[in-house]
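1. kindly generate the corresponding structure for this input.
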Amino acid sequence: MENKMKIEIWSDVMCPFCYIGKRNFESALEQFSDKEEIEVIWKSFQLNPYIPEIPNESYQDYLIKHKGMSAEQVKGMLDNVTQIAKRAGLEFNLEQAVIVNSMNAHKIIQFAKTKGLGDEAEERLFHAFFTEGKNIADLDTLTQLGKEIGLEKTEMDNAFRDEKYSSLVKQDIQEAQQLGVQGVPFFVLNRKYAISGAQPSEAFSENLKVAFAEWRKLNPKTKLEVTQGQSCTPDGNCD
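-> Model prediction:
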């Protein structure tokens, strides 16, 4: 397996700054010259594991009730978040957001990771929650979203029932606690540097350069001077 520098991202798909942070990080990574040598690993985190799976509050009502904020304060905060998202190229429709428990969504992400589709699952679920107002606790909805990124229905049905995936979610959360994570998004670069929150892409770029330079010293590229001669390849060609 090819050796790459790992970047781990703890995130909850109901966290607006996790989506914004994802986009800012992607902007920095796209411009990074050694991006092919970076492996991104998504980690689960639940901001509130006690939210019921059945929706009964709007985003605004949830914040008013559970955060002790006034309706005016909440409206101002959501308007501000929407504008920050817009600057990152995202469309937020928070008035449509369905507040539900995110455990089932995290199970699908954990399953998608086994298929090499962790990033695709994160992106689709973020868009479903913040832009489309979909219920990300509903199994039928999650199954449809999973099919859109290439997951098989039968395998997803099994994943929802398999305790292995809920255990993986809990393991990620416990690991975050051990690292002292207080909130998300939380980015860990090469298990040495950490970035907390939806930082601008410039901050990600600077940290990427520093972390990768140190990683490269310990993992130098091996360049061989090859003298070509007659040989056979695995596909059966001999010349």
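
2. for the rest of this, base every contact and every neighbour count on C-alpha atoms.
-> OK.

3. which parts of the chain are strands?
-> 5-11, 38-44, 186-189, 193-196 (DSSP state E).

4. relative to residue 113, which of those is closest?
-> If you check each of the strands of the chain against residue 113 by CA to CA, strand 38-44 wins as the nearest, at 8.1 Å.

5. related to what we said a few turns ago, out of the strands of the chain, nearest to residue 66?
-> Comparing the strands of the chain by CA to CA, strand 5-11 comes nearest, at 20.3 Å.

6. extract the C-alpha trace of the helix or strand of the chain with the lowest mean pLDDT and format it as PDB.
-> Of all helical and strand segments in the chain, the minimum by mean pLDDT, DSSP states H and E falls on helix 59-67, at a mean of 89. Only the C-alpha atoms of helix 59-67 are listed here, as PDB (Å, rounded to 0.1, in the frame of the first residue of the first chain):
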ATOM      1  CA  TYR A  59     -33.200  24.500  13.500                       C
ATOM      2  CA  GLN A  60     -34.200  27.900  14.900                       C
ATOM      3  CA  ASP A  61     -36.500  26.400  17.600                       C
ATOM      4  CA  TYR A  62     -33.800  23.900  18.600                       C
ATOM      5  CA  LEU A  63     -31.200  26.700  19.200                       C
ATOM      6  CA  ILE A  64     -33.700  28.800  21.100                       C
ATOM      7  CA  LYS A  65     -34.700  25.900  23.400                       C
ATOM      8  CA  HIS A  66     -31.300  24.200  23.900                       C
ATOM      9  CA  LYS A  67     -28.900  27.100  23.700                       C
END
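
7. for that helix, which positions count as buried?
-> For helix 59-67, the neighbour count (16 or more other CA atoms under 10 Å) marks 59, 60, 61, 62, 63, 64 as buried.

8. which elements pack onto that helix?
-> Contacts defined by 3 or more CA pairs under 8 Å, 6 or more residues apart in numbering; DSSP states H and E place helix 59-67 against helix 71-87.

9. picking up where we left off before, could I get the strands of the chain in a markdown table, plus columns for mean pLDDT and distance to residue 210?
-> Output for the strands of the chain, formatted as a markdown table (pLDDT from 0 to 100; distance: least, CA to CA, whole Å):
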| stretch | mean pLDDT | distance to residue 210 |
| --- | --- | --- |
| strand 5-11 | 98 | 12 |
| strand 38-44 | 98 | 13 |
| strand 186-189 | 98 | 10 |
| strand 193-196 | 97 | 9 |
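
10. rewinding a little: just the buried residues of helix 59-67 now: which is nearest residue 232?
-> Nearest to residue 232 out of the buried residues of helix 59-67 is residue 59 (CA to CA; 62.6 Å).

11. still on that earlier bit, quick one: contacts of the least confident helix or strand of the chain?
-> Residues outside helix 59-67 that contact it (CA atoms under 8 Å, 6 or more residues apart in numbering) are 69, 70, 71, 74, 75, 94, 95, 96, 97, 98, 99.
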